[in-house]
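Q: How does the following fold in three dimensions:
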Amino acid sequence: MPEASLSPSQVSRVGMATGDSLINPDGKRIGLIADSHANLPATEAAIRLLKGRGAEMIVHLGDFCDSVRHARTAAMIALLRERDILTVKGNNDFLVENMLADDRRPPDAGETGLLSFLR
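A: Numbers count the residues shown, from 1 in each chain. Take a look at the predicted model:
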(Lines give C-alpha, C1' and ligand atoms only; values in the text may rest on other atoms or scores of the structure.)
Protein backbone atom coordinates (compact mmCIF):
# COMPACT_ATOMS: atom_id res chain seq x y z
CA MET A 1 0.00 0.00 0.00
CA PRO A 2 1.44 3.43 -0.87
CA GLU A 3 2.62 5.42 2.12
CA ALA A 4 0.17 8.33 1.77
CA SER A 5 -2.96 6.70 0.40
CA LEU A 6 -5.67 4.43 1.64
CA SER A 7 -8.68 3.70 -0.52
CA PRO A 8 -12.18 3.61 0.97
CA SER A 9 -12.40 -0.10 0.14
CA GLN A 10 -9.20 -0.80 2.10
CA VAL A 11 -10.55 1.03 5.14
CA SER A 12 -13.90 -0.67 4.73
CA ARG A 13 -12.27 -4.11 4.87
CA VAL A 14 -10.12 -3.18 7.87
CA GLY A 15 -12.20 -0.62 9.68
CA MET A 16 -15.90 -1.34 9.74
CA ALA A 17 -17.63 -4.65 10.25
CA THR A 18 -18.99 -6.14 7.04
CA GLY A 19 -22.46 -4.83 6.30
CA ASP A 20 -23.14 -2.60 9.27
CA SER A 21 -20.77 -1.18 11.85
CA LEU A 22 -20.19 -2.78 15.22
CA ILE A 23 -22.50 -1.48 17.94
CA ASN A 24 -21.37 -1.23 21.56
CA PRO A 25 -23.76 -1.53 24.54
CA ASP A 26 -24.23 2.26 24.59
CA GLY A 27 -25.50 2.10 21.01
CA LYS A 28 -22.47 3.90 19.56
CA ARG A 29 -21.12 2.92 16.17
CA ILE A 30 -17.52 1.73 16.55
CA GLY A 31 -14.83 2.04 13.87
CA LEU A 32 -11.76 -0.19 14.01
CA ILE A 33 -8.22 0.49 12.79
CA ALA A 34 -5.24 -1.84 13.13
CA ASP A 35 -1.65 -2.25 11.98
CA SER A 36 -1.05 1.31 10.80
CA HIS A 37 2.66 1.05 11.71
CA ALA A 38 3.13 4.83 12.09
CA ASN A 39 1.68 5.55 8.65
CA LEU A 40 0.22 8.89 9.67
CA PRO A 41 -1.42 9.85 6.33
CA ALA A 42 -3.19 6.48 6.06
CA THR A 43 -4.30 6.62 9.70
CA GLU A 44 -5.67 10.14 9.24
CA ALA A 45 -7.51 8.97 6.11
CA ALA A 46 -8.95 5.97 7.97
CA ILE A 47 -10.17 8.18 10.83
CA ARG A 48 -11.82 10.62 8.40
CA LEU A 49 -13.46 7.78 6.49
CA LEU A 50 -14.72 6.01 9.60
CA LYS A 51 -16.08 9.25 11.07
CA GLY A 52 -17.70 9.98 7.70
CA ARG A 53 -19.40 6.58 7.83
CA GLY A 54 -20.87 7.35 11.23
CA ALA A 55 -18.33 5.91 13.68
CA GLU A 56 -18.84 7.65 17.00
CA MET A 57 -15.93 5.85 18.64
CA ILE A 58 -12.73 4.58 17.02
CA VAL A 59 -10.47 1.91 18.47
CA HIS A 60 -6.97 1.23 17.18
CA LEU A 61 -6.34 -2.48 17.70
CA GLY A 62 -2.56 -2.27 17.90
CA ASP A 63 0.67 -1.74 16.05
CA PHE A 64 0.24 2.01 15.72
CA CYS A 65 4.03 2.31 16.26
CA ASP A 66 6.64 1.19 13.78
CA SER A 67 9.57 -0.63 15.37
CA VAL A 68 11.86 0.27 12.46
CA ARG A 69 10.84 3.91 11.95
CA HIS A 70 10.13 4.74 15.59
CA ALA A 71 10.92 8.43 15.00
CA ARG A 72 7.31 8.66 13.73
CA THR A 73 5.92 7.46 17.05
CA ALA A 74 5.48 10.95 18.52
CA ALA A 75 3.35 12.15 15.61
CA MET A 76 1.21 9.00 15.68
CA ILE A 77 0.62 9.21 19.43
CA ALA A 78 -0.22 12.91 19.10
CA LEU A 79 -2.82 12.06 16.43
CA LEU A 80 -4.37 9.29 18.53
CA ARG A 81 -4.58 11.55 21.58
CA GLU A 82 -5.87 14.53 19.60
CA ARG A 83 -8.64 12.48 17.97
CA ASP A 84 -9.46 10.64 21.23
CA ILE A 85 -8.80 7.21 19.68
CA LEU A 86 -8.85 4.29 22.12
CA THR A 87 -5.77 2.12 21.69
CA VAL A 88 -4.66 -1.42 22.36
CA LYS A 89 -0.93 -2.12 22.30
CA GLY A 90 0.33 -4.55 19.69
CA ASN A 91 3.68 -6.30 19.55
CA ASN A 92 5.37 -3.36 17.75
CA ASP A 93 4.04 -0.95 20.35
CA PHE A 94 5.52 -3.08 23.14
CA LEU A 95 8.82 -3.21 21.25
CA VAL A 96 8.96 0.59 20.89
CA GLU A 97 8.04 0.97 24.57
CA ASN A 98 10.92 -1.34 25.52
CA MET A 99 13.36 0.55 23.27
CA LEU A 100 12.32 3.88 24.84
CA ALA A 101 12.55 2.42 28.34
CA ASP A 102 16.03 1.00 27.77
CA ASP A 103 17.79 2.00 30.98
CA ARG A 104 21.20 1.90 29.32
CA ARG A 105 20.48 5.44 28.14
CA PRO A 106 18.26 8.08 29.74
CA PRO A 107 15.18 9.06 27.70
CA ASP A 108 14.96 12.63 26.48
CA ALA A 109 11.98 14.83 27.41
CA GLY A 110 9.98 13.88 24.30
CA GLU A 111 10.50 10.18 24.86
CA THR A 112 9.26 10.46 28.44
CA GLY A 113 5.85 11.60 27.17
CA LEU A 114 5.73 8.80 24.61
CA LEU A 115 6.66 6.28 27.26
CA SER A 116 3.85 7.44 29.55
CA PHE A 117 1.33 6.92 26.72
CA LEU A 118 2.66 3.45 25.91
CA ARG A 119 2.57 2.31 29.52
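Q: mind showing which ranges of this structure have poor pLDDT?
A: Residue ranges of the chain with pLDDT under 70: 1-25, 102-112, 115, 119.
Q: Strands of that one, residue ranges please.
A: For the chain, the strands defined by DSSP state E occupy 22-23, 29-33, 57-60, 86-87.
Q: Quick check: which of these is nearest to R72?
A: strand 57-60 (14.6 Å; C-beta to C-beta). The C-beta positions use only the backbone N, C-alpha and C, and glycine is treated the same way.
Q: what residues does the closest one touch?
A: Under the criterion C-beta atoms under 8 Å, 6 or more residues apart in numbering, residues 24, 28-34, 36, 43, 47, 50-51, 80, 83, 85-88 lie in contact with strand 57-60.
Q: That one: partners in the sheet, and parallel or antiparallel?
A: Note on strand 57-60: by DSSP bridges, its sheet partners are strand 29-33 (parallel), strand 86-87 (parallel).
Q: Just to check, D63 is in contact with V96?
A: No. D63 is beyond contact range of V96, at 9.9 Å (criterion: C-beta atoms under 8 Å).
Q: Looking at those two, which one has more neighbours?
A: Between D63 and V96, V96 has the larger neighbour count (other C-beta atoms under 10 Å), namely 25 against 22.
Q: Tell me who's in contact with that one.
A: V96 is in contact with C65, D66, S67, H70, T73, L114, L118, counting by C-beta under 8 Å, 6+ apart.
Q: Go ahead and build a PyMOL selection from the buried members of the contacts of strand 57-60.
A: Of the contacts of strand 57-60, the buried ones go into a single PyMOL selection, burial set by 16 or more other C-beta atoms under 10 Å:
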select buried, resi 29+30+31+32+33+34+36+43+47+50+80+85+87
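Q: Tell me how far G54 lies from R29.
A: 5 Å (C-beta to C-beta, to the nearest Å).
Q: Next, count neighbours for F94.
A: The criterion is other C-beta under 10 Å. On that basis, F94 has 15 neighbouring residues.
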